[in-house]
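Enquirer: coordinates for the following, if possible.
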Amino acid sequence: MTIEDMRGHFRLMYELGFNCLKGLYVTPGQDIRQLRHLALDEGINPYYYGDAINELPTPKLLSELGIPADLPLAEVRRDPRYVNRQIARIRERIDRDFGDTEIRSDDRPRFPFSFDAALVPESAEGFTQWLQARYETVETLALAWNMNLALIRRPEPMWKTWQDVQAGVYELIHRETTEYRRLRDVLRFKADVYLDMVNEQARDRHQTDPEAPVRAGGEMGLFLPFASRATDMEGVADAMTETGSFYPSIHLAWHFEEVAFEVARPVYMQASLAADWFKGGWSATWESTGGPQQLSGGKGSLFPEMSPHTAGFTVDDGTMTQLMLSYLAAGFKGFGLWTWNARVAGWEAGEYALLDRQNRPSDRAIAAGKICRAANHWRDEIWNMDKEPLVGVFQDWDNEAMWAVMAIGGRDHFRYTPVKARIGVSRALINQNVPFEYVTANDLRSGLAGRYRAIYLPAVIALSADLLPILTDYARDGGHVVIDLPSAWYDEFGRSLKTHRGSAFESLFGFAIRDIQYSDRNTPRRLGDATLEGFVADLELTSGRAVESYDTGSPAVVRNQVGRGKATLLAFEASLGCYRPGNNANEQRLRLHTLGDVKAPFTCENAMVYRRAGTSADHYFLINDGPEKTARLSTGERKYRSTIDAISLEPVALDQIKLPRCGGRWIRCQK
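Expert: This is a model prediction of the structure:
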């Protein structure tokens, strides 16, 4: 492109509604500073963080600029005196050649490092120091690693000092496949080492450039089994609390293999997981699919089940609408799109772009620009809105780590089990218009349990002992704890979880687990009209009562009254049974036993709907994954003074919302 070509593209971006660049990728000989100035000339901030580096409009600054102190913030942002000052500051940054402040997911610590449960001899010293900090004594370590139990491998001679541990830990771990706590500790050690690096880099980059937010997250899909990759994404988000933003990079061809390339529902799950890991923080897709892709992308070796399949997607104006409205609904504060125009050769050539293959604006670019313009218009309102979840969907790094180390012995699919279960319960709730939020073990430890009418624990194979009193107190206060199978097999040390009479588990759930069994073609069990496939259980009821039974007469759903609340076991693969689309009976049973007769506060029978709630208005995001239709949105007890399309600003009747084919609508309701 010539300079004038590029000027025209920057001008077109601005006209369509875009306001900043994720990055500029130049050919040899081009001056990136010149191009950044050129973008700014046409109203496009050349840095991904956009207005985030603008000065706060303090009384002192407003006085200095001659702007009235009582001018509303939105008008201050548009005042030429304020705007010109910020543009001058950006030009200064360009000339100082400040670059990106991203911490990339492929950055590595300084010693040999791999994202798995393998140790190398060079890491024995660091691992030993990590173990000493957590267990304090060698005797405590030996108990945690189950060395006092029969048939568990232990060093010979037995370790006495931390020097002994350092000398022998590599050899012990190198050959280990069956003692789960020590393998879990390797994963946690590596995750912590990586988090230490992220924190260090965040501090360094913040000190170098304190005006610009640091961003960290991942060029990876959020459906990956992160614990098996020695990665703690919730921890990465926490590391950004003081210095910047947390982002996932969401590309259809790269990051949706685990859901067989399904988009409409999983993209909301993806965005929600990232936003909920960073509750209250600044999360966004700094990169998201901008155009169709068929030939590039893919993870093959990470999810071999889908590697023979083409990751093919139509990305038109409807798809872009689904993506961007789902991001806003999930709580993202913005979005970035990859890319404006496509690469010319090689990887991604002709794909991913908002422009068509002739470098002209496509329908998807126009639709995306309209959403961007609306997002900027409503941004102060959106940024102060909240989710109102009925259900907290539980997610725990330690549980996923236990599934991961179980997979090391040869059953590789186990590492994906908790991810599939999370997808399943999320699908069931989305399809029945139930607002939910992902809640982590750390959230519960921080006191967040009371936010939810119900907390759903999907496939929690390892249940940490310290969570049981938290969940019990939550139930006593009126909450509902729901757990399904396969769960409650291990505690956090990889030992059989104690569920006998008088145990913390039995006191909460009202039964003891006699055995975990399996329903298959050899010994099938039925529940109502359904033949169960997968994990089932033989239970001894104590204070709990059977709500549903298998065809054998033994309990399949058990409910226990706990104070003002209750706890429920679905003794079958309830969430895993909803992993793939189309299992309507499973979805309805899951919702019934989670919420009973509690009605969703808003519904739309023939479309997905999400709500963000604010003090002066609520925003609804309707997603249609079928043919063109007219939908009726019911807002329950909540009434509004006016309802408009948030993009066109035209009035909308909530009982006559026209939804385009495979697209969506964004509705603003004034309180």
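Enquirer: alpha carbons only for contacts and neighbour counts from here, please
Expert: Noted.
Enquirer: hmm, Glu179 is touching Trp145, no?
Expert: Yes: under the criterion of C-alpha atoms under 8 Å, Glu179 makes contact with Trp145 at 7.4 Å.
Enquirer: need the overlap of contacts for the two.
Expert: When C-alpha atoms under 8 Å, 6 or more residues apart in numbering defines a contact, no residue borders Glu179 and Trp145 alike.
Enquirer: report how many residues lie close to Gln132.
Expert: Other residues lying near Gln132 total 16 when counted by other C-alpha atoms under 10 Å.
Enquirer: what's the helix or strand for it?
Expert: For Gln132, the element it lies in under DSSP states H and E is helix 124-135.
Enquirer: which residues does the very next helix or strand once past that helix contact?
Expert: Heading C-terminal from helix 124-135, the first helix or strand you meet, by DSSP H and E, is helix 138-144. With contact meaning C-alpha under 8 Å, 6+ apart, helix 138-144 is reached by 131-132, 135, 148, 159-162, 165, 181, 493.
Enquirer: cool, and stretch 10-19?
Expert: Contacts for stretch 10-19 (C-alpha under 8 Å, 6+ apart): 39, 42-45, 50, 365-366, 369-373.
Enquirer: out of those, which is nearest to Gln293?
Expert: Nearest to Gln293 among these is Ala365, at 15.3 Å by C-alpha to C-alpha.
Enquirer: please give me every residue in contact with that closest one.
Expert: So Ala365 contacts 16, 317, 354-355 (C-alpha under 8 Å, 6+ apart).
Enquirer: of those residues, which is the most crowded?
Expert: Result: Leu354 is most packed of the contacts of Ala365 (other C-alpha under 10 Å), 30 neighbours.
Enquirer: any idea how far that residue lies from Pro121?
Expert: Distance from Leu354 to Pro121, counting by C-alpha to C-alpha, to the nearest Å: 48 Å.
Enquirer: likewise Asn624?
Expert: Distance from Asn624 to Pro121, by C-alpha to C-alpha: 54 Å.
Enquirer: over to Ser554?
Expert: In this view, Ser554 and Pro121 are 52 Å apart by C-alpha to C-alpha.
Enquirer: any weak-confidence spans in the stretch 51-200 of the chain?
Expert: 98-111 (pLDDT under 70).
Enquirer: now the helices for it?
Expert: Ranges of helices in the stretch 51-200 of the chain, per DSSP state H, counting those that start in this stretch, are 59-65, 73-78, 80-96, 124-135, 138-144, 162-174, 180-208.
Enquirer: who wins for proximity to Tyr438 among those helices?
Expert: Here helix 180-208 is closest among these (C-alpha to C-alpha), at 20.8 Å.
Enquirer: picking that back up, looking at the contacts of Ala365, which is nearest Ala237?
Expert: Distance to Ala237, by C-alpha to C-alpha, is smallest for Leu354 among these, at 28.8 Å.
Enquirer: list the contacts of the closest one.
Expert: 290-291, 338-341, 361-362, 364-365.
Enquirer: cool, and Ala330?
Expert: Remark: with contacts taken as C-alpha under 8 Å, 6+ apart, Ala330 is in contact with 268, 271-272, 275.
Enquirer: measure it to Arg611 for me?
Expert: Distance from Ala330 to Arg611, by C-alpha to C-alpha: 9 Å.
Enquirer: and for Pro213?
Expert: 28 Å.
Enquirer: out of these two, which sits in the more crowded spot?
Expert: Arg611 (26 against 23).
Enquirer: before we move on, back to that, buried among the contacts of helix 138-144? Need that as a selection in ChimeraX.
Expert: A single ChimeraX command is used to select the members of the contacts of helix 138-144 judged buried by 16 or more other C-alpha atoms under 10 Å:
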select :131,132,159,162,165,181,493
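Enquirer: please, which helix or strand holds the most centrally placed residue in the chain?
Expert: Most central in the chain under C-alpha atoms, centre = their mean is Leu273, positioned 2.0 Å from the mean C-alpha point. Under the criterion of DSSP H and E, Leu273 resides in helix 266-277.
Enquirer: next helix or strand past that helix?
Expert: Counting by DSSP H and E, the next helix or strand C-terminal to helix 266-277 is strand 282-283.
Enquirer: strand partners of the next helix or strand after that next one, parallel vs antiparallel please.
Expert: Downstream of strand 282-283, the first helix or strand assigned by DSSP H and E is strand 287-288. Taking DSSP bridges as the criterion, strand 287-288 forms sheet pairs with strand 244-250 (parallel).
Enquirer: quick revisit: so which of the helices of the stretch 51-200 of the chain is the most surrounded?
Expert: helix 180-208 (a mean of 20; mean count of other C-alpha atoms under 10 Å).
Enquirer: what is that one packed up against?
Expert: Contact here means 3 or more C-alpha pairs under 8 Å, 6 or more residues apart in numbering; DSSP states H and E; on that basis helix 180-208 packs against strand 102-103, helix 124-135, strand 214-218, helix 233-239, helix 397-407.
Enquirer: can you redo the ones you listed as a markdown table with distance to Glu64?
Expert: Putting the helices and strands packed on helix 180-208 into a markdown table (distance: least, C-alpha to C-alpha, whole Å) gives the following:
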| stretch | distance to Glu64 |
| --- | --- |
| strand 102-103 | 33 |
| helix 124-135 | 53 |
| strand 214-218 | 29 |
| helix 233-239 | 36 |
| helix 397-407 | 50 |
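Enquirer: can you say which of those is nearest to Glu92?
Expert: Glu92 sits nearest to strand 214-218 of all these, at 19.2 Å, using C-alpha to C-alpha.
Enquirer: just want the angle from that closest one to strand 244-250.
Expert: Per axes from the mean of the first three to the mean of the last three C-alpha atoms, to 10 degrees, the angle that strand 214-218 makes with strand 244-250 is 30 degrees.
Enquirer: got the CA coordinates for strand 214-218 in PDB?
Expert: Once non-C-alpha atoms are left out, strand 214-218 reads as follows in PDB (Å, rounded to 0.1, in the frame of the first residue of the first chain):
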ATOM      1  CA  VAL A 214       0.000  -3.900  30.800                       C
ATOM      2  CA  ARG A 215      -1.900  -6.700  29.300                       C
ATOM      3  CA  ALA A 216      -1.500 -10.400  29.900                       C
ATOM      4  CA  GLY A 217      -3.600 -13.500  29.200                       C
ATOM      5  CA  GLY A 218      -3.200 -15.900  26.300                       C
END
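Enquirer: name every strand pairing with that strand and say which way it goes.
Expert: strand 102-103 (parallel), strand 244-250 (parallel).
Enquirer: worst mean pLDDT among those strands?
Expert: Among the strands paired with strand 214-218, strand 102-103 has the lowest mean pLDDT, at a mean of 68.
Enquirer: cool, thanks, talk later.
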